[in-house]
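Chemist: heads up, no residue letters with this:
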């Protein structure tokens with residue numbers, strides 16, 4: 001009995017530390033950076049290769065612990081990004097959630113998620129890069145969003 005309890009505590013501590021290290025915090029300057037050539041969108045082609053690479057890097061640093069490497073999340077804990085109605089149909093709100101976090105993580109079907117989402121990045125370019133990466137990976141074909149489309153989102157800190 002003691003062994004099971006100790007194993008549970010060790011695993012819970014490890015999981016908590018993993019979430020703390022990978023979720024939340026902008027991890028950088030609080031300044032908003034302007035779009036540079038490597039993160040600009042081409043009007044007809046969608047995100048360029050540099051922006052997609054940036055989005056993948058951010059995903060791997062900030063998002064994978066909760067949403068997993070394949071985007072499927074953790075059942076009853078963290079939502080899937082695969083075919084997510086919220087992500088695919090409320091893309092601007094998804095950018096706002098990446099920027100500011102949310103106490104109200106959208107449900108997926110009958111599943112309601114208990115944990116809030118902390119802010120992940122601190123500027124529009126990073127938020128757009130990671131959302132565009134997710135919109136076009138994990139079996140999603142969700143198009144893309146531009147920095148110009150989200151500049152009216154207030155960044156709250």
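Modeler: Thanks, I have the structure now. This one's a predicted model, so the numbers in the text were calculated from it and none came from an experiment. Residues are numbered from 1 along each chain as shown.

Chemist: The closest residue to residue 133 other than its chain neighbours and residue 135, how far apart?
Modeler: For residue 133, ignoring the flanking residues on the chain, the nearest one in space by C-beta to C-beta, 6 or more residues apart in numbering is residue 55 at 2.8 Å. In this view, the C-beta of every residue, glycine as well, is placed from N, C-alpha and C. In this view, residue 55 and residue 135 are 9 Å apart by C-beta to C-beta, to the nearest Å.

Chemist: any idea how far the residue nearest to residue 133 lies from residue 137?
Modeler: 9 Å.

Chemist: Neighbour count for these two, which is higher?
Modeler: Taking neighbours as other C-beta atoms under 10 Å, residue 55 and residue 137 compare with residue 55 leading, 25 against 18.

Chemist: Which parts of this protein are strands?
Modeler: Here the chain has no strands by DSSP state E.

Chemist: which residues of it score low on pLDDT?
Modeler: Applying pLDDT under 70 to the chain flags the ranges 1-45.

Chemist: residue ranges for the helices of it, please.
Modeler: Secondary structure of the chain, counting by DSSP state H: helices at 2-22, 49-58, 64-67, 85-89, 91-100, 124-135, 147-150.

Chemist: ok now the third one, how far from the chain's centre?
Modeler: Pointing back at helix 64-67 there. 9 Å (C-alpha atoms, centre = their mean, to the nearest Å).

Chemist: Show me what that helix is packed against.
Modeler: When contacts are defined as 3 or more C-beta pairs under 8 Å, 6 or more residues apart in numbering; DSSP states H and E, helix 64-67 packs onto helix 2-22.

Chemist: Report the contact partners of the residue nearest to residue 133.
Modeler: 47, 129-134 (C-beta atoms under 8 Å, 6 or more residues apart in numbering).
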